[in-house]
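S.K.: would you be able to build a 3D model of this:
(one chain, ligands or ions: 1)
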Amino acid sequence: MLHNMADELQLDFLGELTRTNSCGELRASDAGKRALLMGWVHRRRDHGAVIFVNLRDREGQTQIVFQSGIAEEVHRRAEQVRSEYVIAVEGHVERRSPETINPNLATGEIELVADKLWILNTSLTPPFPMEDNVDVGEDARLKYRYVDLRRPRMQRNIILRSKVSFAVREVMYKLGFHEIETPFLTRSTPEGARDFLVPSRINPGTFYALPQSPQIFKQLLMISGYDKYFQIVRCFRDEDLRADRQYEFTQIDIEMSFPREETIFDTVEPLVTRVCEVAGFNVTAPFPRMSYAEAMRSYGIDKPDRRIPPFHILKTPVITGGPFTVAIHIPKTGALSRKQRDEIKAEGQQRGLRVFDDLKKVDESIANAAREASGTGEDDFLFLVESTRQEQGPRPEETYLKACGQLRLSVAQKYNDKHKLLDPGRFEFLWVTNFPMFEWDEEEKRWVAAHHPFTSVLDEDLEALSSDPGKCRSRAYDLVLNGTELASGSIRIHRRDVQNKVFAALGMDDAEARRRFGFLLDALEYGAPPHGGIALGLDRLVMILAGESSIRDVIPFPKTAKGTDLMSEAPAAVPERQVRELGIALRKTT
Ligand code: ASP
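M.R.: I've put the predicted structure just below:
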């Protein structure tokens, strides 16, 4: 039916028509004025003699009224418009009667009584309703992304993203930074994920790698004397996708010359504060700072969610001769049932923890010490845990502390409806500093860089580079927001001799280092200044500010979890000739 109607419908030209206002602009004070609006038909209600249309553009919605008594012709034409038709209307602004005021619309005090209507285009019935509160399957949203992006929620998110980018540029320019571009067709970078490769046509058998970050280039820019660099830049990593991960993502990439850690923090704090302000949130800097070791001892994780209180290591273990005991405090859970306590115990057991949920059954002085350390209140849940496993590895107590951290988070999440501490509108920023320099790769039986191999070691740990790499602390730092890693960076190595030692600790010989990063190593010998930087994940930041739980909701055209674009159907096969030109032969798989 709709098709027939659309086919029969005579469309109007835009001609000289010009909008007087957006659809989100008119107010009671405009009553009596004439206005010409254009947009999409969000909703249409036909009451016979009166037809209401909610006209929508990116600024909002305005109610349009077509009355049969006002302009017969126009009213008849209004009968033909359907959802998502593109129309222009002209008329006069009228105040609504008090009982018809819509408090949910910014324009809800008025309506436009139309005496002219132009139908500029029709639309097929949209694949899903345009209302925000309707749950739509993600596949349909991604296939018809152009329609999905028109929905008010997505428009808010994408426009917020644009405002955030603008604020970033504003702050960075004000702080004396320059935005400098770096190449996409380059060599492998040091982040250590899998590269996306691009075959070279005129150099058959060779490949460019898309950058996992502009890391090497931003360091080169410091060596070239640009002093303060930033870039809002796309990075590419071929990793398994998750709610907060995409193959291509955007980073706010920063590098400075002659910085200390504080210099970087003093740059990022006003940046983040301003960005939050743009999104309507007030946060105060400076943000608290905590070493990695402290974070592990208090939260059992390197990205603590500080909306929930830390745990405490007790001086005396519950079981004599056992490992240290940890007191975990979750506020305002109220009394927990036997079943609920058993669930927590079972979860602890799975994580290698013995849970003491009833403090009356442990030594009174230990119970009191736990109460005192955590400042437990009336309705809070305080329980003790001890490790049941023999810890191994270079930092043996970490496995145990991490298990405590996971249990703490899991119990806190489970009872969030009671304590409501995990409020997405409350922002707890935190700098975590001095990460370990190396992690032990159990599979490859060697040390790998915890951040990347250009990260400086703390001066006092330089010695340990060759004797005890597991003890080496780095000058790497993360910015954490509510348990999410928002940014990470480091003070870099600017001396060739130190860089060699780090490569050696990583088991990378000179030839290998030269093959992978030769040009940076050469550059370090031409007057490299001390330098350092950081990169903030723009997608995650906007996701949190928009109150979304997937970065796909703040990226205009994302990929599915399987890495496909349902709209353009990428990735796709290409004609054989194109593959041949690249000097590549495809092998058939069965
Ligand atoms: N290049 C690093 C990353 O993408 C950030 C940095 O060290 O500045 O994680």
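S.K.: what residues does the nearest residue to Asp509 once chain neighbours are set aside make contact with?
M.R.: Among residues not flanking Asp509 along the chain, Phe503 sits closest, at 7.8 Å (CB to CB, 6 or more residues apart in numbering). (Glycine included, C-beta is placed from N, CA and C.) The contact partners of Phe503, by CB atoms under 8 Å, 6 or more residues apart in numbering, come to 453, 509-510, 512-513.
S.K.: quick one: the strands in the stretch 351-500 of the chain, in order.
M.R.: Remark: strands assigned in the stretch 351-500 of the chain by DSSP state E, counting those that start in this stretch are 353-356, 381-387, 429-433, 438-441, 446-449, 476-481, 484-491.
S.K.: report pLDDT for the nearest residue to Phe66 once chain neighbours are set aside.
M.R.: Among residues not flanking Phe66 along the chain, Ala78 sits closest, at 3.8 Å (CB to CB, 6+ apart). For Ala78, the model assigns a pLDDT of 97.
S.K.: burial count for the nearest residue to Thr206 once chain neighbours are set aside?
M.R.: For Thr206, ignoring the flanking residues on the chain, the nearest one in space by CB to CB, 6+ apart is Ser200 at 4.8 Å. Number of residues near Ser200 (other CB atoms under 10 Å) recorded here: 14.
S.K.: right, and Ser200 touches Thr186 too?
M.R.: No: distance between Ser200 and Thr186: 12.0 Å, which falls outside the contact criterion (CB atoms under 8 Å).
S.K.: now do the shared contacts for these two.
M.R.: Joint contacts of Ser200 and Thr186 (CB under 8 Å, 6+ apart) are Tyr208.
S.K.: returning to what we had before: report the distance from whichever strand or helix holds the residue nearest to Asp509 to the chain centre.
M.R.: Assigning secondary structure by DSSP states H and E places Phe503 in helix 496-505. Put simply, helix 496-505 sits 34 Å off its chain's centre (CA atoms, centre = their mean, to the nearest Å).
S.K.: after that helix comes which helix or strand?
M.R.: That would be, after helix 496-505 and using DSSP H and E, helix 510-524.
S.K.: show me the contact partners of the helix or strand following that following helix.
M.R.: On the C-terminal side of helix 510-524, the nearest following helix or strand under DSSP H and E is strand 531-537. The contact list for strand 531-537, computed with CB under 8 Å, 6+ apart, reads 213, 218-219, 222-223, 229, 249-259, 261, 263-264, 268, 271-272, 456, 475, 477, 479, 485-492, 494.
S.K.: equivalent analysis for stretch 492-500, please.
M.R.: Counting by CB under 8 Å, 6+ apart, 219, 453-457, 462, 502, 510, 513, 521, 524-525, 528-533 sit against stretch 492-500.
S.K.: please apply the same query to stretch 141-161.
M.R.: 40, 56, 58, 84, 126-128, 130-132, 136, 278-279, 538, 542, 545-546, 548, 552-554, 556-558, 560, 565-567.
S.K.: could you do stretch 547-556 as well?
M.R.: By CB under 8 Å, 6+ apart, the list of residues contacting stretch 547-556 reads 138, 142, 145, 149, 153-154, 157-158, 160-161, 243-246, 249, 424-425, 539-540, 542-543, 546, 558.
S.K.: and these, which are buried?
M.R.: 142, 145, 153-154, 157-158, 160-161, 244-246, 249, 539-540, 542-543, 546, 558 (16 or more other CB atoms under 10 Å).
S.K.: among the residues you listed, name the ones in strands.
M.R.: Using DSSP state E, Phe249 are the members of the buried ones among the contacts of stretch 547-556 that sit in strands.
S.K.: just the buried ones among the contacts of stretch 547-556: which are in helices?
M.R.: Within those, residues falling in helices by DSSP state H are 142, 145, 153-154, 157-158, 160-161, 539-540, 542-543, 546.
S.K.: among those, which one sits closest to Lys445?
M.R.: Arg540 (33.0 Å; CB to CB).
S.K.: indicate the residue of the stretch 351-500 of the chain located nearest to the ligand.
M.R.: Gly489 (3.9 Å; CB to the nearest ligand atom).
S.K.: neighbours around the closest residue to that residue other than its chain neighbours, how many?
M.R.: In space, and not counting its chain neighbours, Gly489 is closest to Ile534: 2.8 Å by CB to CB, 6+ apart. Ile534 has 27 neighbouring residues, counting by other CB under 10 Å.
S.K.: tell me the contacts of Leu11?
M.R.: Contacts of Leu11 by CB under 8 Å, 6+ apart are 119-122.
S.K.: list only buried entries from these.
M.R.: For these, buried by 16+ other CB under 10 Å: 119, 122.
S.K.: so of the contacts of Leu11, which ones are in strands?
M.R.: 119-121.
S.K.: what's stretch 277-289 in contact with?
M.R.: 160, 163-164, 167, 265, 269-270, 272-273, 276, 306, 425, 427, 429-433, 479, 545-546.
S.K.: buried stuff in stretch 441-461?
M.R.: Buried-residue list, stretch 441-461, by 16+ other CB under 10 Å: 447, 449-457, 461.
S.K.: repeat that for stretch 219-229.
M.R.: 219-223, 226-229.
S.K.: mean confidence score for it?
M.R.: 98.
S.K.: can you tell me the closest non-neighbouring residue to the residue in the chain sticking out farthest from the centre?
M.R.: Distance to the chain centre peaks in the chain at Gly69, reaching 52.9 Å (criterion: CA atoms, centre = their mean). Sequence neighbours aside, Ala49 is the residue nearest to Gly69 in space, at 7.4 Å (criterion: CB to CB, 6+ apart).
S.K.: ok, the one you found - contacts?
M.R.: Contacts of Ala49 (CB under 8 Å, 6+ apart): 67-69, 75.
S.K.: redo the residues you listed as JSON lines? Include pLDDT.
M.R.: What follows is those, written out as JSON lines (pLDDT from 0 to 100):
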{"residue": "Gln67", "pLDDT": "95"}
{"residue": "Ser68", "pLDDT": "93"}
{"residue": "Gly69", "pLDDT": "88"}
{"residue": "His75", "pLDDT": "96"}
